[in-house]
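[1] here is a sequence together with a model predicted from it:
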Amino acid sequence: MAKVLIINTGGTISMTETAEGLKPDLGRFRAALAEMPELRNPKMPAWEMVNTDPLLDSSNMTVDEWNRLGEIVAENYDAYDGFVILHGTDTMAYTASALSFMFENLGKPVILTGSQIPLCEIRSDGKDNLITSLLIAGSGRVNEVCICFGEELLRGNRAIKYSADGFIAFKSPNCPPLAEVGIAIDYNEALLLPAPAEPFRLQTLEKNPIGVIKVFPGIQFELFANIMTEALKGVVIETFGAGNIPGSATALLPIIEKASRNGAIVTVCTQCPQGTVQLGAYETSSALKRVGAVSGKNMTTEAAVAKLYYLLSKHADAKTVSRLMETSLRGEE
């Protein structure tokens with residue numbers, strides 16, 4: 001029988017209603033688990049659970065929590081066949097992206113899931129999400145970090161939060177689901193990453209200063225000049241379309257050039273959920289390439305931020321980081 005470790009970080013699935021709003025409640029959560037006979041079904045993998053302390057609303061996730069999650073998986077990697085991480089939905093795509101890079105040569109499933117309604121509530125979507133995640137984590141079919149939510153298994157570093165209140169909370173605009181959950185769990189075998197040839201390794205993250213700038217009509221780029229200091233290690237710019245900026249954005253180019261000279265990695269992503277950045281395809285994007293920006297291709301902002309954290313933690317050379325930002329490492333682009 002497969003053995004799965006559940007790592008409970010908190011989030012809505014572990015919460016209950018209070019006078020101050022939803023808050024984590026480990027007692028109510030454990031009681032709700034005990035009331036699920038499916039978890040004792042012989043067809044389910046054997047499972048154990050650890051809880052991070054404190055349980056968190058996912059809005060409070062930081063690099064420190066990502067590193068702790070990575071350490072828990074690394075410490076238990078040989079003892080379990082798969083892992084399920086219970087997590088709040090707000091930053092789940094960021095955590096999934098970060099872990100996908102931190103886990104080098106991952107040869108087991110690491111499945112993030114949660115719910116839009118607490119598990120202790122009568123209409124909770126957490127029950128199906130948890131059951132399906134456990135089955136996938138114990139299946140041995142997946143060798144990567146995924147999000148399992150709303151009857152789909154998504155590559156973790158391709159997912160975005162799509163809905164604040166719908167049960168279909170996540171989408172993967174530029175990558176089809178790795179599996180669809182109906183009567184059976186139907187895997188898309190052609191998309192699954194292969195088993196690694198090298199041993200598993202954890203790369204923890206450093207707290208490198210990283211920024212995100214979203215371009216909008218009329219933006220005054222000179223307002224951002226003060227953040228482009230030598231302390232800044234990376235910045236993600238969310239541009240229009242295929243990497244375009246306003247033709248009048250003359251203030252942006254010297255800022256990017258200065259950041260690049262200081263060793264910061266400037267990555268261009270698109271605001272569009274679907275499609276890819278093509279620096280140089282339009283006149284308004286050619287200038288970005290000339291001053292040292294790199295293409296995020298079709299990476300999500302979540303994946304680009306996480307990848308910057310990872311590469312800046314692993315490599316000291318800016319040229320290496322720039323090159324690898326344009327190289328798919330975990331199926332992220």
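    Perfect, thanks for sending it. Numbering: from 1, shown residues only.
[2] what about the strands in the stretch 101-250 of the chain?
    Using DSSP state E, counting those that start in this stretch, the strands of the stretch 101-250 of the chain run over 103-104, 110-113, 145-149, 152-155, 160-161, 170-171, 179-181, 185-187, 201-202, 210-214, 234-239.
[3] could you dump these to a markdown table with mean pLDDT, distance to residue 55 and mean neighbour count?
    C-beta: built from backbone N, CA, C; applies to glycine. Formatted as a markdown table, the strands of the stretch 101-250 of the chain follow (pLDDT from 0 to 100; distance: least, C-beta to C-beta, whole Å; neighbours: other C-beta atoms under 10 Å):
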| stretch | mean pLDDT | distance to residue 55 | mean neighbour count |
| --- | --- | --- | --- |
| strand 103-104 | 98 | 23 | 20 |
| strand 110-113 | 98 | 15 | 29 |
| strand 145-149 | 98 | 19 | 30 |
| strand 152-155 | 98 | 24 | 25 |
| strand 160-161 | 96 | 20 | 18 |
| strand 170-171 | 96 | 21 | 22 |
| strand 179-181 | 97 | 27 | 20 |
| strand 185-187 | 97 | 29 | 15 |
| strand 201-202 | 98 | 23 | 14 |
| strand 210-214 | 92 | 26 | 17 |
| strand 234-239 | 93 | 29 | 24 |
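[4] looking at these, which is closest to residue 7?
    Residue 7 lies closest, by C-beta to C-beta, to one member of the strands of the stretch 101-250 of the chain: strand 110-113, at 9.2 Å.
[5] in its sheet, which strands sit next to that closest one, and in what direction?
    Paired with strand 110-113 in the same sheet, following DSSP bridges, are strand 82-86 (parallel), strand 145-149 (parallel).
[6] gap between that strand and the chain center?
    10 Å (C-alpha atoms, centre = their mean, to the nearest Å).
[7] so what does the worst-scoring helix or strand of the chain on mean pLDDT touch, helix or strand wise?
    For the chain, using mean pLDDT, DSSP states H and E, the weakest element among its helices and strands is helix 283-290, scoring a mean of 77. Judged by 3 or more C-beta pairs under 8 Å, 6 or more residues apart in numbering; DSSP states H and E, helix 283-290 is in contact with strand 234-239, helix 252-261, strand 265-270.
[8] winner for burial among those?
    strand 265-270 (a mean of 26; mean count of other C-beta atoms under 10 Å).
[9] neighbouring strands of that strand in the sheet, and parallel or not?
    strand 234-239 (parallel), strand 294-295 (parallel).
[10] any idea of the mean pLDDT for the shortest one?
    This points to strand 294-295. For strand 294-295, mean pLDDT is 94.
[11] any weak-confidence spans in the chain?
    For the chain, the stretches with pLDDT under 70 are 247-250, 284.
[12] can you give me the helices in it?
    For the chain, applying DSSP state H gives helices covering 26-34, 63-76, 92-102, 126-137, 252-261, 283-290, 301-314, 318-325.
[13] out of these, which is closest to residue 47?
    helix 126-137 (6.1 Å).
[14] and the closest one, what other elements does it pack with?
    Using 3+ C-beta pairs under 8 Å, 6+ apart: helix 126-137 touches strand 3-10, strand 82-86, strand 110-113, strand 145-149, strand 185-187.
[15] which outside residues touch the third one?
    Outside strand 110-113, the residues within contact range by C-beta atoms under 8 Å, 6 or more residues apart in numbering are 13, 73, 82-87, 92, 95-96, 99, 103, 126, 129-130, 132-133, 136-137, 142, 144-149, 153, 156.
[16] filter these down to the buried ones, ChimeraX style.
    Buried subset of the contacts of strand 110-113, written as a ChimeraX selection, criterion 16 or more other C-beta atoms under 10 Å:
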select :13,73,82,83,84,85,86,87,92,95,96,99,103,126,129,130,132,133,136,137,142,144,145,146,147,148,149,153,156
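[17] any chance of TSV for the helices of the chain, columns distance to residue 1?
    Formatted as TSV, the helices of the chain follow (distance: least, C-beta to C-beta, whole Å):
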stretch	distance to residue 1
helix 26-34	19
helix 63-76	17
helix 92-102	25
helix 126-137	12
helix 252-261	53
helix 283-290	53
helix 301-314	33
helix 318-325	39
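[18] closest one to residue 333 among those?
    Among the helices of the chain, helix 301-314 sits nearest to residue 333 (C-beta to C-beta), with 7.7 Å.
[19] what's near enough to touch the closest residue to residue 300 other than its chain neighbours?
    Nearest residue to residue 300, sequence neighbours excluded (C-beta to C-beta, 6 or more residues apart in numbering): residue 160, at 5.3 Å. Residues counted as contacts of residue 160 (C-beta under 8 Å, 6+ apart) are 93, 170, 171, 172, 173, 273, 300, 302.
[20] thanks a lot, see you next time.
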